[in-house]
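>>> for reference, the sequence and a predicted model appear below.
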Amino acid sequence: MKCTVCRGPAVIDLRRHNSNFCAEHFTKFCTDQVQRTIDEFDMFRPGDRLLVAVSGGKDSLAMWDLAARLGYEADGLYIGLGIGEYSDTSADHVRRFAEGRGLRLVEVDLATEYGYDIPTGSRAARRAPCSACGLSKRHVFDRVALEGGYDALVTGHNLDDEAAVLFGNVLHWQVEYLGRQSPVLDARDGFPKKVKPLVRLSERETAAYCVITGIDYIVDECPMSKGNSHLGYKDVLNQMEQQSPGAKASFYFGFLRSASERFEAEVDEARSDLAPCERCGAPTTAGVCSFCRLVDRAGGTIPPGGSTTSGDPASPVAITQPVELRTSAS
Ligand code: Q46
Ligand code: ZN
Ligand code: ZN
């Protein structure tokens, strides 16, 4: 197997691109795909300050690495979820990554800051772990991005993730979610700008990128992911991809091109009655947001001072809550 670019020995074949690459040209392929996505969707520009949500897994660390490699100013945000050994190990991977590259890492520990962790909190609140976890992460991502005055919150969702979410949303005709399927959501209504520059890379490609560039990521899956319906959707899509290389990309990008606009009205309608949460100030359609209700039921506390999320998302705001800052650059 030879590299399509230089004819040297190839280390990976990409059937949907009808190409094989050596290590050097595969790395270039990944950086080109990500830069193309950033430009095409106008995600961010040189000089913007980025906050990359990192879990210690392959996708988020690849994302942080690619953002830094492409010359963007990117800090990392790690949330301590309290999922036993998995969380301890993932935190180690993130810290080592940041220290090794001199990148700035912001850490928020749910137990320290809000008085609950995902296993006990989800049980007490009678929510599925991934539902309590997703809600908690979204709240903290938004808060730190706004309070830190970042221009965009960057996540490492890859093509497989986005195709699986789209598949689930189509299967259940979740029209409001279909309107939010774009890899870029502009800042509005008290939410920060959110972008997903990895949507042109598959899960296999982000894993290969990490191996080839020497990124030491946590290989173990989160022990609470069992039963997550997205894993089933990924299996179905992988079978289709096997039969027909490029099926996932055509499903996802075809939707963005031909159908996503048709669902935007549903999102506008859902956002029309957003108001600041009475407890934390985050935008909500209820008086008290679902995050604050989760924290209450989990027996935790909302730190005093609420949140600045009701302010102008474009203006930098001081971090008013006890966010631990680790910076290995200084
Ligand atoms: S960390 Fe949290 Fe994931 Fe674990 S509990 Fe579910 S959502 S699977 S990305
Ligand atoms: Zn090559
Ligand atoms: Zn709230």
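Sure, I can see it. Numbering: from 1, shown residues only. Ligands and ions are numbered 1, 2, ... in the order given.
>>> mind checking the longest strand of the protein?
In the chain, assigned by DSSP state E, the strand with the most residues is strand 73-80.
>>> so what does that one touch, helix or strand wise?
Counting contacts by 3 or more Cβ pairs under 8 Å, 6 or more residues apart in numbering; DSSP states H and E, strand 73-80 packs against strand 49-53, helix 58-69, helix 84-101, strand 104-109, helix 110-114, helix 129-147. All C-beta spots, glycine's among them, are computed from the backbone N, C-alpha and C.
>>> so which residues of the stretch 101-250 of the chain form helices?
Along the stretch 101-250 of the chain, the segments classed as helices by DSSP state H, counting those that start in this stretch run 110-114, 118-125, 129-147, 159-171, 175-178, 203-213, 229-243, 247-258.
>>> buried ones in the fifth one?
Spelled out, it's helix 175-178. V175, Y177, L178 (16 or more other Cβ atoms under 10 Å).
>>> ligand 1: which of the residues you listed is nearest?
Of all the buried residues of helix 175-178, ligand 1 sits closest to Y177, with 16.3 Å by Cβ to the nearest ligand atom.
>>> which SSE is the residue lying closest to E205 once chain neighbours are set aside in?
In space, and not counting its chain neighbours, E205 is closest to C30: 6.7 Å by Cβ to Cβ, 6 or more residues apart in numbering. Per DSSP states H and E, C30 falls inside helix 23-40.
>>> quick one: average pLDDT of the longest strand of the chain?
For strand 73-80, mean pLDDT rounds to 98.
>>> what pairs with that strand, and is each one parallel or antiparallel?
Note on strand 73-80: by DSSP bridges, its sheet partners are strand 49-53 (parallel), strand 104-109 (parallel).
>>> hey, which of these is tucked in deepest?
When those are scored by mean count of other Cβ atoms under 10 Å, the highest mean neighbour count falls to strand 49-53 (a mean of 23).
>>> any idea of the angle that strand forms with helix 129-147?
160 degrees (axes from the mean of the first three to the mean of the last three Cα atoms, to 10 degrees).
>>> burial count for F26?
A count of nearby residues for F26, using other Cβ atoms under 10 Å, gives 23.
>>> touching, it and P9? I think so.
No. Assessed by Cβ atoms under 8 Å, F26 is found out of contact with P9, at 11.9 Å.
>>> what parts of the stretch 1-150 of the chain come near ligand 1?
Within the stretch 1-150 of the chain, the residues that sit near ligand 1 (Cβ under 6 Å from any ligand atom) are I118, P129, C130, C133, G134.
>>> go again with 5 Å.
Taking Cβ under 5 Å from any ligand atom as the measure of proximity, the stretch 1-150 of the chain contacts ligand 1 at P129, C130, C133.
>>> got the helices of the stretch 101-250 of the chain as JSON lines, with mean pLDDT columns?
Putting the helices of the stretch 101-250 of the chain into JSON lines (pLDDT from 0 to 100) gives the following:
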{"stretch": "helix 110-114", "mean pLDDT": "96"}
{"stretch": "helix 118-125", "mean pLDDT": "92"}
{"stretch": "helix 129-147", "mean pLDDT": "96"}
{"stretch": "helix 159-171", "mean pLDDT": "97"}
{"stretch": "helix 175-178", "mean pLDDT": "91"}
{"stretch": "helix 203-213", "mean pLDDT": "98"}
{"stretch": "helix 229-243", "mean pLDDT": "94"}
{"stretch": "helix 247-258", "mean pLDDT": "97"}
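>>> ligand 3: which of the ones you listed is closest?
helix 129-147 (7.6 Å; Cβ to the ion).
>>> which other helices and strands does that closest one contact?
strand 49-53, strand 73-80, strand 104-109, helix 110-114, helix 118-125, strand 152-154, helix 290-297.
>>> tilt between that helix and helix 229-243?
Orientation note: helix 129-147 sits at an angle of 90 degrees relative to helix 229-243 (the same axes, to 10 degrees).
>>> just how off-centre is helix 129-147 within its chain?
Centroid separation for helix 129-147 versus its chain: 10 Å, with Cα atoms, centre = their mean, to the nearest Å.
>>> does ligand 3 sit close to it?
No. If you take Cβ under 5 Å from the ion as the test, helix 129-147 misses ligand 3, and the best it gets is 7.6 Å.
>>> what's the angle from that helix to helix 290-297?
120 degrees.
>>> sorry, back to before: buried among the residues of the stretch 1-150 of the chain next to ligand 1? Need that as a selection in ChimeraX.
Buried residues within those, by 16+ other Cβ under 10 Å, are selected in ChimeraX with:
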select :129,130,133
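>>> distance to E147 added to the residues of the stretch 1-150 of the chain next to ligand 1, as CSV?
Output for these, formatted as CSV (distance: Cβ to Cβ, whole Å):
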residue, distance to E147
P129, 27
C130, 26
C133, 21
